[in-house]
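[1] need coordinates for the below:
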Amino acid sequence: MLSRFVSARSFQALSVLGRSFSTTQQDSNKVVILGASGGIGQPLSLLMKENKRVSHLALYDIAHTKGVAADLSHIATPAKVTGHTGPEELSACLQGADVVVIPAGVPRKPGMTRDDLFNTNASIVRDLSEACARNCPEAVLCIISNPVNSTVPIASEVFKKAGVHNPDKIFGVTTLDVVRANTFIAEAKNLDVSQVNVPVVGGHSGVTIIPLVSQATPAISFPYADRGRISERIQNAGTEVVEAKAGTGSATLSMAYAGAKFVNSMLGALNGQQGIVECAYVKSDETEASYFATPLLLGKKGLEKNLGLGKLLEFEVELLKKAMPELKANIKKGEDFVNGN
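    Numbering: from 1, shown residues only. Model prediction:
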């Protein structure tokens, strides 16, 4: 269903509050990064070490974590850094967490889709989610590991089985789609990218990524053909990076930036900052898909209000129709993985 309209101006005014990674206020928050030694995990950990909202940065991976932690601990910012290596140290890493970020998993390579990553990354997310459900069930869970369309349902099903499921605290981080939309559209229109905000809804792969250019701030328009080209570039931007890296990796630096942006916004909301809006992939009844990314008002308990899709152009309605079969299949695949179907 199409519901609750949030104007582009409102989206811009609210979400601009979450733009900065740091703040002059010193908050007390434990942030855990699971997969901290990887291509996304290391730059994300660096950005989190710089964030004054973080008092304790706990890093976990299956190898090299102590070195990453030692390196970051020399940076002159207040956050204490601890490194935890291997399953036997995972519980200690998670206990007392306020926010857990999961970038763990294998990256895409040329010719691979995010769905190709499923067999490996699904098991990783399942096992890490089980540890979170045992050790920090009240923490906000921010999932970066692809395919996000499936890994978020996996985490939710794990939390359901553990009897601690709270859909307001499990998020798929789709911020990179918004960051890319803002960047590409600012370039196309010769605008100041810091003033551009484009809601991106749906999922986090290919045709499931739906940029709502009609709701952009400032208001912009494209001829029909150009609208199609810019939308396709946003949808396929991950592949653009994978191919440019020629087998050496996927989007790591931009994903770390986007992940840090989302976590900073979440920390601000958890600590009482009002009016923070970010797009993210969550349990949803906004469409026929049971998980869907939309602009969300964040609050002290995670998701405060789903702001919905707003008014769509016919072009965007068609993008939504194209996205729905793949998105629903991705969701079912994640749920079936946990439930053994």
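[2] how about the nearest residue to Val100, chain neighbours excluded?
    Distances taken as C-beta to C-beta, 6 or more residues apart in numbering place Val32 nearest to Val100, at 4.6 Å, with adjacent residues excluded. Bear in mind the C-beta positions are built from the backbone N, C-alpha and C, glycine included.
[3] wait, that neighbour touches Cys93, no?
    Yes - using C-beta atoms under 8 Å, Val32 is in contact with Cys93, at 5.9 Å.
[4] mutual contacts of these two, please.
    Taking C-beta atoms under 8 Å, 6 or more residues apart in numbering as the criterion, Val32 and Cys93 both touch 58-60.
[5] neighbours of Ile124, how many?
    20 (other C-beta atoms under 10 Å).
[6] and the next element down the chain from whichever strand or helix holds it?
    Using DSSP states H and E, Ile124 sits in helix 118-135. The helix or strand immediately downstream of helix 118-135 is strand 140-143, counting by DSSP H and E.
[7] direction included, what does that next one pair against?
    Note on strand 140-143: by DSSP bridges, its sheet partners are strand 99-102 (parallel), strand 170-172 (parallel).
[8] so for the helix or strand following the shortest one, mean pLDDT?
    Past strand 170-172, further along toward the C-terminus, the next helix or strand under DSSP H and E is helix 175-189. The pLDDT scores in helix 175-189 average 97.
[9] so for helix 175-189, what gets flagged as buried?
    By 16 or more other C-beta atoms under 10 Å, the buried positions in helix 175-189 come out as 175-186.
[10] now swap in stretch 87-96 and tell me
    Buried, per 16+ other C-beta under 10 Å, within stretch 87-96: 89-90, 93-94.
[11] how about stretch 120-129?
    Buried-residue list, stretch 120-129, by 16+ other C-beta under 10 Å: 121-122, 124-126, 128-129.
[12] okay, and the helix or strand of this structure with the least pLDDT?
    Lowest by mean pLDDT, DSSP states H and E among the helices and strands of the chain is helix 8-15, with a mean of 44.
[13] next SSE downstream of the helix or strand hosting the residue nearest to Val100?
    Using DSSP H and E, Val32 sits in strand 30-34. Where DSSP H and E defines the elements, the next helix or strand beyond strand 30-34 is helix 41-50.
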